[in-house]
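Q: take this sequence and fold it.
(one chain, ligands or ions: 1)
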Amino acid sequence: MLPHCTAWPENLAARYRTAGYWRGETFSDMLQARIEQDAQHIAVVSDRHRWSYQQLGQEVDRLARGFHAMGITANDPVVVQLPNCAEFIAVIFALFRLGALPVFALPAHRQFEIEHFCRHTGAVAYIIADQHGDFDYRVLARKLKQEVDTLRHVLVLGEAQEFTPLGVMPSWDGDLPAGPQAGEVAFFQLSGGSTGTPKLIPRTHDDYLYSVRASAEICGLGPDSVYLSVIPAGHNFSLSSPGSLGTLYAGGTVVMSAHPSPDVALPWIAREGVTMTALVPPLVPVWLDAIQATSPGLSSLKVVQVGGACFSSTMANRLVQELGVTLQQVFGMAEGLVNYTRLDDPLDVVLHSQGRPISPDDEVLVVDDDDQPVAAGEIGHLLTRGPYTIRGYYRADEHNARAFTADGYYRTGDMVRMTPEGNLVVEGRNKDQINRGGEKISAEEVEHQLLAHQGVADCAVVAMPDAYLGEKTCAFVIRRDASLRSIDFIRFLRERGLATYKIPDRIEFVSQLPKTGVGKINKKLLRQQISMQLSVPAAMAI
Ligand code: OOB
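A: Numbers count the residues shown, from 1 in each chain. Okay, here's the model as predicted:
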């Protein structure tokens, strides 16, 4: 395995192979098999492309040859930050072909995060779109090229300016080197994180493809499936649960929506006969309202998955009643474990639980603070290990010692209970994180950034309730100078290049921070304080 990654113990690896989970198949093998099966079937559709499996294969080959000609080779990390588009799929399969390692950045990441990914992995290339939304990624690339020594190439989808256009790559007519082995790391996912810097998650072809294949089976995907990808394509949910990779595995069609808003995403459903899509909870009421207003033709849509953050059973019920679709709740994590309600589960299970693991070999423990199993049905910490759950983050020995138990269970940081039927219900969290409608924010990371401002004497970042996103971010700040206002700190964080979704939604100035008995900041109290404050109408607040 790649250095600084933790392999599964050999006895378990052997068992996962014997059980048929790890089949020695790489992503390139998978695509090749689909091309041989039905070359003319449509594989990927987006604003500008409509590629059959054969055309996708040709595009992957063209890109792989271009990357190779540029000197990108096996185990070279490549930060990929593309919006949802057909090229995203072609780029990652081209990198997989060479054994280069995509790092799946989110379109919302900015200089702070991208620079960290580049430095931490020693990335040799950065692949972007020229612009997306109101952001010009070339400006960011220009700064990065100056800062990061290892970064040799910037490849741009669209107007490349001084960089290399993805559309016109150097060519290589010779043989390409042999591809990677299935046991090797294929790419890095990103952790939502609860520490100072986002952690990188190494996933192998073997382990990821198992989760992809099993997810496609659980979700009943086949060649007739048309999957609409609306949340960022590199996120574990839209990539593999079953996502675009699961759809390609099943020989179906992936439709890439450049934006999740209903005006962009909904027209695809009737146009392409979309059968399945995946949403984060805040999108559900927005879509439902838009559907009521415009009643687009949605008869093809059979399954809507919702996951990434807590989803209220009231909204779940509304979704089922108003759309007449099958809802599937998905509780997953980029580190591995993914739980699904099954398509034939009774409505009660679908509305009130987050489902059960993919694999019979997913080991799931619900434990107390001393890692002892709680009584059946009680709430506890969720620990897990299994055939597609990592054993360690990349280059993070110190953190790994805390994030995993001695016998290799990943501490998810989620508080759950298990129903008598074996379904998990997410009851809360014991990680220092804000889940802003599915976007995860490490409180510590934002605190570090705020503390870099000379005017901040101390601070604490916590979640506050929000009717639309579920949670938003509130920073309690002790400022050194009373003339400093919220906008000064927000501007400071923006200028440091922190992703917009991590910028606190609210800053409360305080003269001290409450402490626990052992002298740590009492975040529980701060969370209570801000939620009480928010529930009191402003005129009544003292
Ligand atoms: C997905 O992956 P990540 O890595 O962005 O976030 C994982 C964390 C979980 O540990 C949990 O805290 C939270 O997100 N979460 C949920 C949830 N699904 C994820 N909390 C409550 N209810 C749910 N249904 O978010 C992810 C990865 C694959 C599939 C789906 C989601």
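Q: with just CA atoms, put stretch 334-345 into CSV.
A: Extracted C-alpha coordinates of stretch 334-345, given in CSV (Å, rounded to 0.1, in the frame of the first residue of the first chain):
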residue,chain,number,x,y,z
ALA,A,334,-16.4,9.1,3.5
GLU,A,335,-14.3,6.9,5.8
GLY,A,336,-16.4,3.9,4.8
LEU,A,337,-19.6,2.6,6.4
VAL,A,338,-22.8,3.3,4.5
ASN,A,339,-26.3,2.4,5.8
TYR,A,340,-29.4,2.3,3.7
THR,A,341,-33.0,1.8,4.3
ARG,A,342,-33.9,-0.9,1.8
LEU,A,343,-36.3,-0.2,-1.0
ASP,A,344,-38.8,-2.7,0.3
ASP,A,345,-38.7,-1.6,4.0
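Q: quick one: buried residues of it?
A: Across stretch 334-345, burial judged by 16 or more other CB atoms under 10 Å covers 334-342, 345. (C-beta placed from N, C-alpha, C; glycine too.)
Q: one more: stretch 306-314?
A: For stretch 306-314, by 16+ other CB under 10 Å, it's 306-311.
Q: so for stretch 183-190, mean pLDDT?
A: Stretch 183-190 comes out with an average pLDDT of 98.
Q: which residues in the stretch 1-150 of the chain form strands?
A: 42-45, 50-52, 77-81, 101-104, 125-129, 131-132, 135-136 (DSSP state E, counting those that start in this stretch).
Q: in the sheet, which strands lie alongside the fifth one, parallel or antiparallel?
A: Partner strands and pairing direction for strand 125-129 (DSSP bridges) are strand 77-81 (parallel), strand 153-157 (parallel).
Q: what is the mean pLDDT for the last one?
A: Okay, so that is strand 153-157. For strand 153-157, the per-residue pLDDT averages 98.
Q: any chance of a markdown table for the strands of the stretch 1-150 of the chain, columns mean neighbour count, mean pLDDT and distance to the ligand?
A: Formatted as a markdown table, the strands of the stretch 1-150 of the chain follow (neighbours: other CB atoms under 10 Å; pLDDT from 0 to 100; distance: least, CB to the nearest ligand atom, whole Å):
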| stretch | mean neighbour count | mean pLDDT | distance to the ligand |
| --- | --- | --- | --- |
| strand 42-45 | 24 | 98 | 21 |
| strand 50-52 | 18 | 98 | 26 |
| strand 77-81 | 26 | 98 | 16 |
| strand 101-104 | 26 | 98 | 11 |
| strand 125-129 | 27 | 98 | 21 |
| strand 131-132 | 18 | 97 | 20 |
| strand 135-136 | 16 | 98 | 21 |
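Q: redo the ones you listed as TSV? Include distance to Leu176.
A: Listed next are the strands of the stretch 1-150 of the chain as TSV, based on distance: least, CB to CB, whole Å:
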stretch	distance to Leu176
strand 42-45	21
strand 50-52	20
strand 77-81	16
strand 101-104	17
strand 125-129	17
strand 131-132	30
strand 135-136	33
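Q: nearest to Asp134, of the strands paired with strand 125-129?
A: strand 77-81 (15.5 Å; CB to CB).
Q: can you give me the neighbour number for the residue of the chain found nearest the ligand?
A: Taking CB to the nearest ligand atom, the ligand has its nearest neighbour within the chain at Gly332, 2.6 Å off. Here the number of neighbours of Gly332 (other CB atoms under 10 Å) works out to 23.
Q: how close does it get to Asn339?
A: 7 Å (CB to CB, to the nearest Å).
Q: residue contacts, the residue nearest to Ser442 when sequence neighbours are not counted?
A: Nearest residue to Ser442 in three dimensions, chain neighbours excluded: Gly193, at 4.1 Å (CB to CB, 6 or more residues apart in numbering). Neighbour list for Gly193: 199, 433, 440, 442, 445 [criterion: CB atoms under 8 Å, 6 or more residues apart in numbering].
Q: can you pick out the most distant pair from the residues you listed?
A: Lys199 and Gln433 (12.2 Å).
Q: which bits of the stretch 301-450 of the chain sit near the ligand?
A: Residues of the stretch 301-450 of the chain lying close to the ligand (CB under 6 Å from any ligand atom) are 307-310, 329-334, 338, 354, 412, 414, 426, 429, 435, 440.
Q: about what we covered before: where does the residue of the chain closest to the ligand fall, secondary structure wise?
A: Gly332 is part of strand 326-333 when elements are defined by DSSP states H and E.
Q: who does that strand touch, helix- and strand-wise?
A: Packing partners of strand 326-333 (3 or more CB pairs under 8 Å, 6 or more residues apart in numbering; DSSP states H and E): helix 236-240, strand 303-307, helix 313-323, strand 336-340, helix 347-352.
Q: for the residue nearest in space to the middle of the chain, give me its contacts.
A: Centroid-nearest residue in the chain, with CA atoms, centre = their mean: His235, separated by 2.9 Å. Applying CB under 8 Å, 6+ apart to His235 gives the contacts 104, 106, 308, 334.
Q: for the residues you listed, name the two members farthest from one another.
A: Phe104 and Gly308 (15.0 Å).
Q: measure the closest residue to Cys85 other than its chain neighbours to Val330 for me?
A: Distance criterion CB to CB, 6+ apart; nearest residue to Cys85, sequence neighbours excluded, is Ser46 at 4.6 Å. To Val330, Ser46 is 23 Å away according to CB to CB.
Q: Leu56 now?
A: For Leu56, the distance to Val330 - CB to CB - is 26 Å.
Q: kindly report the same for Arg65.
A: Going from Arg65 to Val330 by CB to CB gives 37 Å.
Q: same question, Pro420
A: 21 Å.
Q: quick one, which of those two is more surrounded?
A: More neighbours surround Val330 than the other of Pro420 and Val330, with 22 against 7 (other CB under 10 Å).
Q: so what's the closest residue to the more buried one other than its chain neighbours up against?
A: Nearest residue to Val330 in three dimensions, chain neighbours excluded: Gly307, at 3.1 Å (CB to CB, 6+ apart). Counting by CB under 8 Å, 6+ apart, Gly307 makes contact with 237, 241, 278, 280, 329-332, 354, 438.
Q: could those go into JSON lines alongside pLDDT and distance to His4?
A: Shown next, in JSON lines, are the contacts of Gly307 (pLDDT from 0 to 100; distance: CB to CB, whole Å):
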{"residue": "Phe237", "pLDDT": "98", "distance to His4": "26"}
{"residue": "Ser241", "pLDDT": "98", "distance to His4": "26"}
{"residue": "Ala278", "pLDDT": "98", "distance to His4": "31"}
{"residue": "Val280", "pLDDT": "98", "distance to His4": "31"}
{"residue": "Gln329", "pLDDT": "98", "distance to His4": "35"}
{"residue": "Val330", "pLDDT": "98", "distance to His4": "30"}
{"residue": "Phe331", "pLDDT": "98", "distance to His4": "29"}
{"residue": "Gly332", "pLDDT": "98", "distance to His4": "25"}
{"residue": "Gln354", "pLDDT": "98", "distance to His4": "32"}
{"residue": "Gly438", "pLDDT": "97", "distance to His4": "29"}
